[in-house]
Structure formats: C-alpha cells, structure tokens
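[1] generate coordinates for the sequence data below:
(chains A and B, ligands or ions: 3)
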Amino acid sequence: MTRRLLTGNGAAAWGARLADVDYVPAFPITPQTEIIEQLGAWIDAGELPARMVTLESEHSMLTAAGAAAATGVRVFTATSSQGLLYAMEMLYTVAGWRAPFVLVNVSRALAAPVTLETDHNDVLAARDTGFLQLHCATCQEVLDSVLLAYRLAEHPRVRLPAIVNLDGFTLSFTREPVEIPEPAVVRRFLPGFDPQSVRFRASEPVSQAVAVLGGTPYSYFRYEMHRATEQAIAAFEEVAADFERATGRRHAALETHRMNDAEIAFVMLGSFATKAVDAVDRLRESGVRAGLVRPRLVRPWPAAALRESLAGVRGVAVVDQNLSMGKGGILHAELASTLYGVPDAPVLTSFIGGLGGRNIAPEEFFQMASVTREAAQTGQAPEPRLLFTAQELREVRRLQGIALAERHETTHSGAERSAP
Amino acid sequence: MSETIYRRMSDLPSTHLLGGGTAMCAGCGGLQALHQIYDVLGTKTVFVNAAGCMTLLSVYPFTPFRGSWLYTAMASAPAGAQGVRDALDILCDKGRLPRDEDLQVVTLTGDGAAYGMGLSATSGAIDRNLDFLYICYDNEGYGNTGQQSSPATPHGAHTATATGPAGHSGFKKDLFGIWVANRPAYVATVIGTEPLDLARKIEKAAKLSGPRLILALAPCPTGWDFDPQQAAEIGRLAVRTGIFPLKEYLDGRVVHTKVKRPRTPVEEYLRAQGRFQHLFEPERRQDVLDAIQARVDAYWEHWDPSH
Ligand SMILES: Cc1ncc(C[n+]2csc(CCOP(=O)(O)OP(=O)(O)O)c2C)c(N)n1
Ligand code: SF4
Ligand SMILES: [Mg+2]
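    Numbering: from 1, shown residues only, chains lettered A, B, ... in the order given. Ligands and ions are numbered 1, 2, ... in the order given. Model (predicted):
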C-alpha cells in the first residue's frame, strides 16, 4: 500500500486502473477530462492493458460503454454535467440492458447560465435511470468507491451500472493524501469480470435488449430492475464489509458525524458536507447538540438506515446543492417521503445552497441550525430558504451597473464615430 | 477481389436463415433485402439495431435471428457497434474468447437514422475506421412513426408531413457520396429485386474489414402507398428508370453494376405509387416531373456520358 497526494480525478483514474478495466470509451469535458487523460497515458505507457476510444459524443460514449459491457468486458467511463445530460437517453437504455459497468460523474452545474463549478442537478437528473449512485466527499473515497461500485454493480443479485459522483473543483482538482491499495489486495476483493449470461459469442447466439409489446412485459422488466436495485442495499453491506477486511477502511451507506445524541442534524451530499462537519464541531463547542448525516448511497436510497440514524433527532436541516424549479430541494423531498408517517419524526427544514460552487459559510450553517432548532420547538417548518446574502445581491447589482454604464458609453461613442 | 460464388440465380442460398412471422408489413422491401442479406452473411453476426420498423423484428420473447441482436436507440447504433467490436477484440486479444467465437458486427438502421439522427455516430465510426458493416434499409421516410419526411425522402413525394400539392420540397441526400468522400472500405447500393447483384455485394462486403455500407432501397407499400403485389415491379422500375443506381465503391473507384439503356422515363416509377399521385391528378405537375427527370438525367450524364 502506498500513500500519495492525488486529486479527485487522479483518485478516480487509480480506481479504474486497480479495477483492471478492459475498455474506456471517452469524451472530454471539464472538470472530468483529467481522468481520461490519465488513463490514456497509462494505456500508452503499457501500464494498463485496456483499450480507450474517444467517441464523438457522450450519447455514443454511453452506447459504446453499455454495448461493450453487454458483450462481456469490464468497462469504465467518465463524464460531467452537460455530457451526462447529453447521454441521458442512453443512461436509461443501457441500465435496462443489465450489463454492469462504472461511470464516474464529476458534478458540475448545468447551463443556462453555463458555468464550470459544481452542484448536483446533473447527477440527480440521472436519479431515476436505473444506475446505482455512490456520492463521495473525499479523494480517498473516490478511489475506494470506484472499487466498491464495481463489486456492487457486478453483484449477482444486482447487475446494474453504477455512477460514482464527485464534485467538480472541490474534489476533482483538490489534492489529498490517498492510500492506494496493492493490486493483489484489490484482485482478491474484486476478481475479474464475470459477464454471466449477458455476452455475445458465436456459439451462444442471443437477442439482447429486444422490444416488448404492452405493459405487462414492460412492467415485468422495470419491476425486476427496481427489485435488483433494492437488493443493492444488502449487497452494499456485504461489499463494504469485504472492503473493510481488505483495506481497513469502512464505507457505510450513510456517513454520520456526532449523531449519537444529536438533537438537530444536517443532511447533505458530497464534498460540501465536509464544511458541515466543521460547523457541527463548532456548534457542539457552543453547546448545540448537532450532527451530520451524509448518504453515500443515493440509489438505492438507504431509507431504513436514514430512519434509524434520525430517530430521536428533533430537527433536520436538509441542505440541497440542487434546485428543482418550483419545488425546491430534491434531497429534502426524498427525505420527507422517507420520514413521513414515522412516529416522532423530526421537523424538516429546507435550504438550497452551493449552487454553481457557491460557498456555504460557517455563519450560514449556524443560521440554519438556529432556524431548525426553532422549527423543532414550534413543530412548524418555515418556507424553504435560498442561501444568498445581501452582500452578494449588492455585488451582482454593482456589476450589472458597471456593464450597463459601459454599454451606454460604447453605443454612445460608436454613434458619434459613425456620424458624418 | 476473389471470384464470386454467386454466378447465376441458382447459386443463391436455398436455406433461409431469418425466421418468419414477424410484424413487418406484407410486401416490405426492407425485409425482402434483409432476408437475402442474412442468408449470405450467416449467423456468426451480431446485428446492432436503431429505432425503426426493423426494431419490431425482435419482440420479447421471440426473435427471427439465429445469430445475435442488440437494440440500441435511434441515434447511436454505430456507437453500439463500436462497443461490441471493441469488446470482442479485447476478449480475443486477451485470450478470454476463442477466435472462432468472434462475430461480424452489423449495424441495421433505417434511412432516418442513417441519413439524419445517426449520421454523427456514423461519421465517428468511419473516422475511427471501425470494422463494421452498416445496412441501411431506405424506405425514404420515418416509416415506423407513419412515414413523415426524412432526409432521404425524394423531391415531390407526399409524406405524413408533406401533404401539399408539390409534396416534399427537399431533395434526397446523397448518403453514398458522404460515405465515399471518406474513403471507407466498401459502399454499395442494393435492392431486393436484384438478388444476384445483392448477393455478390454482400459477399464482397463480408470479406472486407473496416467501415462498409450497404444502402438498400426498400420499397414500402405502407409508406409509399402501393399494393404489396406491386412491390417487385416498383423495385424493378427503380432500377430501370435509373432513379436508384446500383453501384459500388471499392479501392477508390465507383462502378455501376447495372446500367440500363435506354432508361425508362422516371414517370413510370412515380405513377405506380400513391405518394406521387398528386403530380398527375387532379392536374399534371409537369414542372415537378421535369425537375425529377432532370436530376436523374444529370446523374447519368455525369457517370455515363457516352449514352
Ligand atoms: C430519440 C428518438 N426520437 C424519436 C424516436 C421515434 N422514432 C422511432 S422510429 C422512428 C423513425 C425512424 O426512421 P428510419 O430510421 O427511417 O426507420 P424506419 O422507421 O423508416 O424503419 C422515429 C422517429 C425515437 N425512437 N428516438
Ligand atoms: S412501413 Fe414500410 S418499411 Fe416499415 S415494415 Fe411496413 S413496409 Fe416495411
Ligand atoms: Mg425510414
């Protein structure tokens, strides 16, 4: 085992390398590109016996990924944001093929307006595709999750593709010390790919992904996928336990921080949750019994584990780094449906923050904590809040003012120049 | 190129590999061509299909294919072929699949996918020099959705989205030319009513590697509005009038494999199909008919100037 400083992207590439992937269909997009460049460099140097092909779009990339997995090889691919959405038709399609592979998504906010920084609307748009979803908060977790994802995706009771999500910039380009397990250790944890009956070969002709007529066979296959995804809860326990035995690192479906006697809790996804860890510690110092729950597994949704870890908590602040227009936070809605009807369920408050990489400041966590404590006392949840300060609004207005003045100036002087 | 084993009609395969009882319409020219193609290619194949009429060949839990099949989506069948080809190569190279288990990868799509939505994926497959055989059955419209105008719809035809007195205003795109411009391994046009010509071309294509296109005109009783009994006659007229040239591209050269002299006026082909009736009734649209004939003449003037 070696320890190295790796970016989140570097850790993802190491995960693929250790998984001994056969095939890497690729397409560039910031902030993911470094992953495929790293894999390409290893392949060219003869360090990774895989084949990489750059497709002409992510739609084609996902088609090739699914088709290769359905033929019987271990596939790795990666994308981000616009790329994930460009491939959306194929995410649903290849998940239905029941051919497991791993897709790393480096979360980046969606256009418009176009931007490079992170939030989770991209990966949550893939929520219902049939892909499993693992969300990471550290670079170590990125490497480990790629390995966990292969085992989970290829598990005989699951057989579905998986997305491993990491946040653009905050993880993709941040260097952290990462332990790289020995290949032999990984090989024991993750043996070579077994395609089972999903493969093509001359002696066993098969028609895959055929059409159905009517709701009965359609429902049959969709229900089968749902059941397989549910099975992935227990399968994840098994896989995570094996991983811990192999590497000493435990990755549960839910990551919790100081939840033992918590009266209020934050629920968040991804690397921004590390900001909440800090806030929780400071709240504890000031006498507030706060805690944090971070679902690592988002599909399947660890409902039972969430109910258990939030039992006895009085107020939960759900911080969504996404926005469903006209509804609010997606995670909030997921959690509300999980806790509805549970006796003594906590009051849920809803906050939208971190869109397009916007920071969530410590004071904002304290503010969210105080709103949530008050809600718990009154039993009344306030309207969802969109995190944005008066200072930020002033700054936007100031820039608009400058741009307007400049435009006025150029139009004006332009008119003067063109006058006879 | 080695000699053909198909010298006369009696040399054509007598056992038919594609099962019957599928959901295709009676008289379907696309299915006719596919039957013949499959008989020559054989079952050591995997067909990678895009959305279209032929998607309904394999309906769970039945399939007429004795070889393999994978349905993808409308836009990306060539990318599916890429994934399958690459995976088979990887498996063979790494010794996980004996070479005799390898398969010929065949893309099967309609014109809508081949000329339009899937053209980007096709283009990518060509510039990656993908070893695959692309079969496009061209029924000149989005058939599966009710024959709306596609990039392959001929000028003047009525479609579900072109119902006015002049019919479809666009012109059929030259997919053969687009492929040839990129110097692939092989490109050929075929039609089910010329089975010997078809068999020779498939035989040739199957022996080559790299990107290969078989463009099959697919007379479509449902979309073109003619009686299924007329299917063979319409196919023959397509060739005799010269509106559908039978040709192949190999080693940098385009060769016409059937040249009819003199050519039958294109009007005879058009008159036989309901989709062109508005060019004759209630009044004759000589302007449109002349424009169609002029394009056919100009084509042959370019390729066969001595006649
Ligand atoms: C992305 C997408 N858009 C639209 C469709 C609907 N659709 C299914 S088949 C088809 C027509 C395809 O036309 P063509 O490729 O010519 O095949 P044909 O139906 O004529 O056999 C269309 C538009 C689809 N399946 N997928
Ligand atoms: S609509 Fe045309 S192409 Fe489609 S199955 Fe019927 S005859 Fe064949
Ligand atoms: Mg068509």
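
[2] which strand residues bridge the residue in the stretch 51-200 of chain B that ligand 3 sits nearest to?
    Distances between the stretch 51-200 of chain B and ligand 3 by CB to the ion are smallest at residue B:110, namely 3.5 Å. All C-beta atoms are positioned from the backbone trio N, CA, C, and that covers glycine. Per DSSP bridges, the residues bridged to residue B:110 are residue B:137.

[3] and for it, the neighbour number?
    Using other CB atoms under 10 Å in any protein chain shown, residue B:110 is surrounded by 32 other residues.

[4] what helices and strands are in contact with the helix or strand hosting residue B:123?
    In this structure, residue B:123 sits in helix B:119-127 according to DSSP states H and E. Helices and strands touching helix B:119-127, by 3 or more CB pairs under 8 Å, 6 or more residues apart in numbering or on different chains; DSSP states H and E, are helix A:58-71, helix B:77-93, strand B:132-138.

[5] look at the spatially most central residue of chain A and tell me its secondary structure.
    Centroid-nearest residue in chain A: residue A:165, 3.1 Å away (criterion: CA atoms, centre = their mean). The three-state label given to residue A:165 by DSSP: H, G, I helix; E, B strand; the rest coil is strand.

[6] dump the residue contacts of it.
    Neighbouring residues of residue A:165 by CB atoms under 8 Å, 6 or more residues apart in numbering or on different chains: A:104-107, A:120, A:123, A:133-136, A:270, A:298.

[7] which among those count as buried?
    A:104-107, A:120, A:123, A:133-136, A:270, A:298 (16 or more other CB atoms under 10 Å in any protein chain shown).

[8] what lies in contact with stretch B:121-128?
    Contact with stretch B:121-128 is made by A:53, A:55-57, A:59-60, A:63, B:75-79, B:81-82, B:114, B:132, B:134, B:179, B:182, B:184, B:211, as judged by CB under 8 Å, 6+ apart.

[9] now list the buried members of the residues you listed.
    A:53, A:55-57, A:59-60, A:63, B:75-79, B:81-82, B:114, B:132, B:134, B:179, B:184, B:211.

[10] ligand 2 next: which of the residues you listed are close?
    Checked against ligand 2 using CB under 6 Å from any ligand atom, these give no members in range.

[11] now do the helix holding residue B:123: distance to the chain's middle.
    What separates the centre of helix B:119-127 from the centre of its chain is 17 Å, taken as CA atoms, centre = their mean, to the nearest Å.

[12] roughly how far does residue A:102 sit from residue A:150?
    From residue A:102 over to residue A:150 the distance is 6 Å, taken as CB to CB, to the nearest Å.

[13] now list whatever residues contact both of those two.
    Common contact partners of residue A:102 and residue A:150 (CB under 8 Å, 6+ apart): A:19, A:162.

[14] show me where the stretch 301-420 of chain A has helices.
    For the stretch 301-420 of chain A, the helices defined by DSSP state H, counting those that start in this stretch cover A:303-310, A:330-339, A:362-378, A:390-418.

[15] how about the residue of chain A found nearest ligand 1: what's its closest non-neighbour residue?
    Proximity of chain A to ligand 1 (CB to the nearest ligand atom) peaks at residue A:89, 6.0 Å away. Among residues not flanking residue A:89 along the chain, residue B:73 sits closest, at 5.7 Å (CB to CB, 6 or more residues apart in numbering or on different chains).

[16] on that earlier part again, what's the closest of the buried ones among the contacts of residue A:165 to chain B?
    residue A:104 (17.8 Å; CB to the nearest CB).

[17] what is the neighbour count of the residue in chain A that ligand 2 sits nearest to?
    Nearest residue of chain A to ligand 2: residue A:211, at 13.6 Å (CB to the nearest ligand atom). Using other CB under 10 Å, residue A:211 has 16 neighbouring residues.

[18] looking at strand pairing, list the partners for it.
    Residue A:211 has these beta-bridge partners by DSSP bridges: residue B:59.

[19] starting at the chain centroid, how far to stretch A:203-212?
    Chain-centre distance of stretch A:203-212: 32 Å, with CA atoms, centre = their mean.

[20] can you list the buried residues in it?
    Applying 16+ other CB under 10 Å to stretch A:203-212 flags A:205-211 as buried.

[21] rewinding a little: deepest in the core, which of the helices of the stretch 301-420 of chain A is it.
    helix A:330-339 (a mean of 20; mean count of other CB atoms under 10 Å in any protein chain shown).

[22] so the residue in chain B that ligand 1 sits nearest to versus residue A:131, what's the distance?
    Using CB to the nearest ligand atom, residue B:110 is the residue of chain B that sits closest to ligand 1, at 2.1 Å. From residue B:110 over to residue A:131 the distance is 29 Å, taken as CB to CB.

[23] likewise residue A:237?
    Residue A:237 sits 20 Å away from residue A:131, going by CB to CB.

[24] higher neighbour count, these two?
    residue A:131 (24 against 13).

[25] got the contact list for the more buried one?
    The neighbourhood of residue A:131, defined by CB under 8 Å, 6+ apart, consists of A:91, A:95, A:103, A:160-163, A:299.

[26] could you dump the residues you listed into TSV with neighbour count and secondary structure added?
    Shown next, in TSV, are those (neighbours: other CB atoms under 10 Å in any protein chain shown; DSSP: H, G, I helix; E, B strand; the rest coil):
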residue	neighbour count	secondary structure
A:91	24	helix
A:95	23	helix
A:103	26	strand
A:160	27	coil
A:161	26	coil
A:162	26	strand
A:163	26	strand
A:299	21	strand
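
[27] residue B:241: which of those is nearest?
    Residue B:241 has its nearest neighbour among the contacts of residue A:131 in residue A:91, at 46.4 Å by CB to CB.

[28] pop out the phi and psi values for the closest residue to that closest one other than its chain neighbours.
    Leaving aside its sequence neighbours, residue A:91 sits nearest to residue A:129 (CB to CB, 6+ apart; 4.1 Å). Main-chain dihedrals, residue A:129, degrees, to the nearest 10: phi -80, psi -20.

[29] now do the longest helix along chain A against helix A:303-310, angle only.
    Longest helix of chain A, by residue count under DSSP state H: helix A:215-247. Interaxial angle, helix A:215-247 versus helix A:303-310 (axes from the mean of the first three to the mean of the last three CA atoms, to 10 degrees): 50 degrees.

[30] strand A:162-167 and helix A:215-247, what's the angle between them?
    With the same axes, to 10 degrees defining the directions, helix A:215-247 sits at 60 degrees from strand A:162-167.

[31] low-scoring pLDDT stretches of the chain, where are they?
    In the absence of a named chain, this looks at chain A. A:414-420 (pLDDT under 70).

[32] looking at chain B here, not the other one
    By pLDDT under 70, the low-scoring segments of chain B are B:1-2, B:307.
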